[in-house]
Each structure stands twice: as C-alpha cells, then as structure tokens.
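# Need the 3D shape of this:
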Amino acid sequence: MLTQKRLLSLARSLAGSHARTALARASLSSAAVLCAAAPSGVLAAGPGGPAGQEGESSSWGLGVGVVSTQKAYKDIDRENRALPMIQYENRWVRVFGPGLTVKLPRWQVAPGHQVDFGLVAKWDGSGYEAGDAPILNGMAERKGGLWAGAKASWKSDIAELGAEWTADASGHSKGQRLALTLERSWRLGQHVMLTPRLGAQWVDKKYVDYYYGVRASEVTATRAAYQGKSTVNAELGLRGTYLFNPKNAVFVDVGVTSLGSGIKDSPLVDGSTENRVFVGYLYRF
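A predicted model of the protein is given here:
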C-alpha cells in the first residue's frame with residue numbers, strides 16, 4: 001500500500017520543479033481547478049470514441065477557456081479569467097490544464113462495470129491577498145499550491161461514481177480533502193451531451209483554518225479570531241458539450257457549492273454558497 005508520505009513524494013517528482021514554477025507564475029485561481037476537472041468529458045465524447053483507450057495512440061489538444069467565479073469572502077469582487085488549456089492523454093497518463101493523472105491498472109468488475117485507479121497531482125490557486133477585499137485588509141497572504149493524492153472511479157452504463165483524496169503537497173495549509181462525485185451523461189443527437197453531477201467534499205480543519213481562519217495577530221475590532229474546523233461542502237453542477245466534429249468542441253460548465261458550517265461560521269465569510277461558470281473551446285489534433 002502507498003503511504004501518504006510516498007504519494008506526496010511521487011507527486012512532487014511527477015510535477016517537477018519547473019512545472020510548479022510555470023504554474024505558479026500563471027497565478028491560477030481555484031476556478032482553474034474546474035478547468036482541469038469538470039470539462040474532462042469533452043475529451044471522451046467525440047464520435048470516434050473515448051481517448052486513451054487500451055491499444056489506442058495518444059491524443060492531445062489545445063484550447064482556451066473563460067472562468068468566472070464568485071467566492072464567499074465578504075464584499076469580494078467576482079473574478080473573471082481567460083485561461084489557455086493543454087490536453088494530452090495516452091494509456092498511462094492524462095494531462096488537462098494544471099492537473100496530472102497517472103493511470104493505474106483498472107479492475108473489470110463485470111461487463112459494463114469497471115473501476116479505474118490513478119495518482120493525481122494538481123495546482124490549486126485557492127487563497128487570497130490582503131487587497132482582494134476590505135475584510136482581508138491586514139490579513140497575511142494565503143497561498144495556493146500543489147495538491148497530490150489518489151483517486152478511483154466506478155464506471156457503469158448507469159452512472160459514474162468517483163472518489164478522490166488529496167493533500168497539500170506544497171505545505172502551505174497542510175490540509176487534506178476527500179471528494180465524492182456522482183455524474184451521468186446523456187447524448188442528445190450526434191452533437192450535444194449533457195452531464196449533471198452531484199458532489200460532496202470533506203475538508204479538514206487545517207484547510208479551513210488556513211483559508212478561512214483569523215489568527216490572533218489578525219484580529220481587529222470588526223474581525224474576530226476564528227479557528228477553523230473540518231466541514232463538508234456540497235456541489236450541484238451541469239456540463240454541456242457541443243461537438244462540431246471529432247476535433248472541435250465547445251462546452252459550458254456551471255457549478256454551485258453550498259459551504260459547510262466550518263466555513264460559513266468564519267468572520268471572513270458572508271455567504272453560504274460559491275458559484276463558478278466555465279466556457280471553453282477545445283481542438284483535438
């Protein structure tokens with residue numbers, strides 16, 4: 001069995017120092033993680049069949065996307081970013097945006113039922129600077145970083161159930177996350193695919209304390225001290241894809257996250273939800 005320490009060490013090696021530097025300079029926000037994960041169905045939805053199948057040659061693509069996200073911090077402005085996208089996949093690895101998956105042997109449970117396993121490394125731009133909102137004035141910067149771990153997904157003819165555990169390999173928050181997702185795709189004719197999803201994500205107290213806590217040195221007359229506690233967030237999302245042909249696709253992904261009490265109780269927060277909208281175009285070579 002791979003221990004947490006060995007998983008983090010492997011992810012650091014896979015990402016490499018140069019890759020981390022390049023990603024950091026890109027200043028990706030937490031919405032960029034959506035770019036890496038949510039539109040993944042686009043890659044497998046072409047009329048020619050899924051990319052990266054056993055015995056199939058590698059595939060790669062380029063695209064661009066626009067991400068709009070609203071965080072729950074008090075009086076923080078909506079953030080809009082244009083982001084380039086790079087996709088590469090073969091039978092061993094998958095790269096999309098700031099995310100890397102190393103594929104492990106799958107388990108064929110029964111006809112039409114299989115479980116895929118993988119090691120993951122991804123850049124998460126969560127965090128803030130003091131100037132991002134008035135409530136954050138005087139707060140120390142909270143940084144994003146490289147997260148690494150493992151995932152598994154049960155795929156069947158009915159739906160896909162996924163589980164992913166990651167830990168902060170950069171060591172900023174020293175936190176951990178466990179996410180569960182359930183989604184199903186429907187084709188509408190030859191060109192349109194809709195994929196609704198439900199998700200739940202547990203985040204530990206170190207994660208919440210780092211991004212939503214208020215340290216003793218940061219207390220003011222209008223900002224009380226707060227020590228984070230573990231919590232569970234719930235997500236509802238929908239991805240729509242339009243396939244012009246096997247090479248060209250556009251997609252829209254909308255997600256709303258209901259925050260757990262450990263985050264909502266923070267004096268930095270005045271909302272109970274966050275939302276993200278992602279619109280993108282991908283060309284597959």
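
# For the residue nearest to Tyr212 when sequence neighbours are not counted, give me its contacts.
Using Cβ to Cβ, 6 or more residues apart in numbering and skipping the chain neighbours, the partner closest in space to Tyr212 is Ser266 (3.9 Å). Just so you know, the C-beta spots here come from the backbone N, C-alpha and C atoms, and that holds for glycine as well. Ser266 is in contact with Val208, Tyr212, Gly213, Val214, Tyr226, Gly228, counting by Cβ atoms under 8 Å, 6 or more residues apart in numbering.

# Equivalent analysis for Lys206, please.
Taking Cβ under 8 Å, 6+ apart as the test, what Lys206 contacts is Ser173, Lys174, Gly175, Gln176, Gly228.

# Would you list the phi and psi of the first one?
In this case it means Ser173. phi -90, psi -20 (degrees, to the nearest 10).

# That one - how many residues pack around it?
27 (other Cβ atoms under 10 Å).

# what's near enough to touch it?
Neighbours of Ser173 in contact, by Cβ under 8 Å, 6+ apart: Arg142, Gly145, Lys206, Tyr207, Asp209, Tyr210, Tyr211.

# Beta-bridge partners for the second one, please?
Translated: Gly145. Gly145 has these beta-bridge partners by DSSP bridges: Asp124.

# neighbours around it, how many?
18.

# Hmm, Arg284 is touching Ile86, no?
No: the pair Arg284 and Ile86 fails to qualify as a contact (Cβ atoms under 8 Å) at a distance of 11.8 Å.

# Need the overlap of contacts for these two.
Trp60, Gly61.

# For the two, work out which one has more neighbours and name it.
Arg284 (20 against 12).

# before we move on, the earlier item: tell me the secondary structure for the residue nearest to Tyr212?
coil (DSSP: H, G, I helix; E, B strand; the rest coil).

# how far away is it from Pro111?
Using Cβ to Cβ, to the nearest Å, one gets 48 Å for the distance from Ser266 to Pro111.

# OK, contacts around the spatially closest residue to Leu188 that is not a sequence neighbour?
Spatial nearest neighbour of Leu188, excluding adjacent residues (Cβ to Cβ, 6+ apart): Leu194 at 6.7 Å. Contact analysis of Leu194 by Cβ under 8 Å, 6+ apart lists Ser185, Trp186, Leu188, Leu238, Arg239, Gly240, Thr241.

# Name the residues linked to Leu194 by a beta bridge.
Trp186, Gly240.

# phi, psi of Val109?
According to degrees, to the nearest 10, Val109 has phi -70, psi -50.

# ditto for the one 3 residues further on
Per-residue torsions, Gly112: phi 80, psi 0 (degrees, to the nearest 10).

# What does the pLDDT read for it?
On pLDDT, Gly112 comes in at 86.

# And the strands in the chain?
Per DSSP state E, the chain carries strands over the ranges 59-70, 79-89, 93-96, 99-110, 113-124, 145-155, 160-168, 176-183, 186-188, 192-203, 231-243, 248-258, 273-284.

# hang on, the earlier thing: is it possible to mark the buried ones in the contacts of Leu194?
Buried members of these, scored by 16 or more other Cβ atoms under 10 Å, are Ser185, Arg239, Gly240, Thr241.

# Check those and tell me the two furthest apart.
Ser185 and Gly240 (10.5 Å; Cβ to Cβ).

# Name the residues contacting each of these two.
Counting by Cβ under 8 Å, 6+ apart, the shared contacts of Ser185 and Gly240 are Met193, Leu194, Thr195.
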